[in-house]
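Novice: Next comes the sequence, and after it the predicted model I'd like to discuss.
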Amino acid sequence: MYVKTGLLLIVWAIVAVSGWCTEVPAQRSYMYVGGQYILNEAGQHVFTDQMYVEKLTPAAGVTKPHPIVFIHGQAQTGTNWLNKPDGGKGWASYFLSEGYACYIIDQTFRGRSAWFPGNGTLSTYSAEILQQRFTAAKRYNLWPQASLHTQWNGTGVMGDTVFDTYYSSTVEFLSSATYQQSTVQAAGAALLDTIGSPVILLSHSQGGLMPWLIADVRPNLVHSIVSIEPTGPPFQEAIFSNTSSRAYGLTDIPMTYSPAVTNPNELVKHVIPSNSSMYSDCVIQADSPAPRKLVNLAKVPVLVVTTESSYHAPYDWCTVRFLQQAGVSAEHLKLADIGIHGNGHLVFMEKNSLHVAAVLQKWMERK
């Protein structure tokens, strides 16, 4: 394991990325975790697979026992959590002000976690895809709940200042899901070893796969998981495709099941039809033979959060059902059920984001 640390600075939280600084003085340092030396085509050594981690702690001192590790989604970096594209206070600032130590990662091959050309090919998202799925879903109406989206600040399309600021933060991402997952798992385990005490893994979207994998190899160092609309549903794509995916249910790479799974085909699948046109059918494990258990996640409380208008609204229930069937203590928080309406997939960037953060904090501290 490689850990390289940076200088400790006293900063105003978020000041490094914008002038809209929140009044939260914080100590800032950074490190690199994971990674390895490999030989390049010239037979010389290069370093790869490392992960950048930024640590923020309240200057007045940490008052909460469990640090939060923030894991961003596809085509994004840790800047997601710093502040919002409309200039508002981000979730990192919110949780700093509540006394939490915050570790903000750039997933391997993203942002400040350097990509080496031999790692594979890169992909990117067009502005049109982001408009359709995240910021202006109401205009396209591609899934039943899309018309309910009201919380994005601005028009959500190209030429709007807030959208342009958001889109400018997106980056290329590795095309290989298996390589991405395996390297984040290894680097994430190294990070938890470095922290040395149980953490809360707070993740979003494609980053929502990573807590399953990190907790699988470091279950005693994970206090709880809060997953904002994790990539899903199990075993398949939905809404935008009907192809098979995530051969191990939640992930594309192996997890620890009991009885053990040596080949993903050993996971016997069963379709649960939905009872509404608003929701997708689910593919989970069959009841016979008895479903295999995710034994390393059994003692880790999980909260899956779904917004009212996101494309996850039709199918996040499948992810929760899969987790529960596999012996995981998983709860499903649908924001509309507690009176929080109009949010989409990028809830932590939207107008009422701090209201949602406060709800999540209550769950974390109750656990």
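Specialist: Nice, I can see it.

Novice: do you know how far residue 65 is from residue 90?
Specialist: 23 Å (C-beta to C-beta, to the nearest Å). Bear in mind the C-beta positions are built from the backbone N, C-alpha and C, glycine included.

Novice: Compare these two (neighbour count), which wins?
Specialist: Just comparing residue 65 and residue 90: by other C-beta atoms under 10 Å the higher neighbour count belongs to residue 90, 28 against 13.

Novice: Quick check: closest non-adjacent residue to that one.
Specialist: Computed as C-beta to C-beta, 6 or more residues apart in numbering, the closest residue to residue 90 that is not its neighbour in sequence is residue 83, at 4.2 Å.

Novice: Assign a three-state SS to residue 321, would you?
Specialist: Per DSSP: H, G, I helix; E, B strand; the rest coil, the secondary structure class of residue 321 is helix.

Novice: Pretty sure it sits against residue 281.
Specialist: No. Look at residue 321 against residue 281 with C-beta atoms under 8 Å: they stay out of range, at 11.4 Å.

Novice: pLDDT at residue 21, what is it?
Specialist: Among the per-residue scores, residue 21 holds a pLDDT of 43.

Novice: cool, and residue 26?
Specialist: Reported pLDDT for residue 26: 88.

Novice: Secondary structure element holding it?
Specialist: Assignment of secondary structure by DSSP states H and E places residue 26 within strand 25-39.

Novice: about what we covered before: partner residues bridging the residue nearest to residue 90?
Specialist: Beta bridges link residue 83 to residue 89, judged by DSSP bridges.

Novice: number of nearby residues for it?
Specialist: Close neighbours of residue 83, defined as other C-beta under 10 Å, add up to 23.

Novice: shouldn't it be in contact with residue 93?
Specialist: Yes. Residue 83 is within contact range of residue 93, at 6.9 Å (criterion: C-beta under 8 Å).

Novice: packing partners for the helix or strand hosting residue 167?
Specialist: Under the criterion of DSSP H and E, residue 167 resides in helix 161-168. Secondary-structure packing of helix 161-168 (3 or more C-beta pairs under 8 Å, 6 or more residues apart in numbering; DSSP states H and E): helix 127-130.

Novice: what do residue 321 and residue 281 both touch?
Specialist: Overlap of the contact sets of residue 321 and residue 281 (by C-beta atoms under 8 Å, 6 or more residues apart in numbering) consists of residue 272.

Novice: who has more neighbours, those two?
Specialist: residue 321 (18 against 14).

Novice: Contacts only, for residue 183.
Specialist: 34, 49, 51, 108-109.

Novice: okay, the residues you listed in JSON lines with distance to residue 260 and secondary structure next?
Specialist: Converted to JSON lines, the contacts of residue 183 look like this (distance: C-beta to C-beta, whole Å; DSSP: H, G, I helix; E, B strand; the rest coil):
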{"residue": "34", "distance to residue 260": "26", "secondary structure": "strand"}
{"residue": "49", "distance to residue 260": "26", "secondary structure": "strand"}
{"residue": "51", "distance to residue 260": "28", "secondary structure": "strand"}
{"residue": "108", "distance to residue 260": "27", "secondary structure": "coil"}
{"residue": "109", "distance to residue 260": "30", "secondary structure": "coil"}
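
Novice: Would you write a PyMOL line that selects the buried entries of those?
Specialist: In PyMOL, a selection of the buried entries from the contacts of residue 183 looks like this (16 or more other C-beta atoms under 10 Å):
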select buried, resi 34+49+51+108+109
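
Novice: got a list of what residue 201 touches?
Specialist: Taking C-beta under 8 Å, 6+ apart as the test, what residue 201 contacts is 69, 71, 210-211, 214-215, 222, 224-227.
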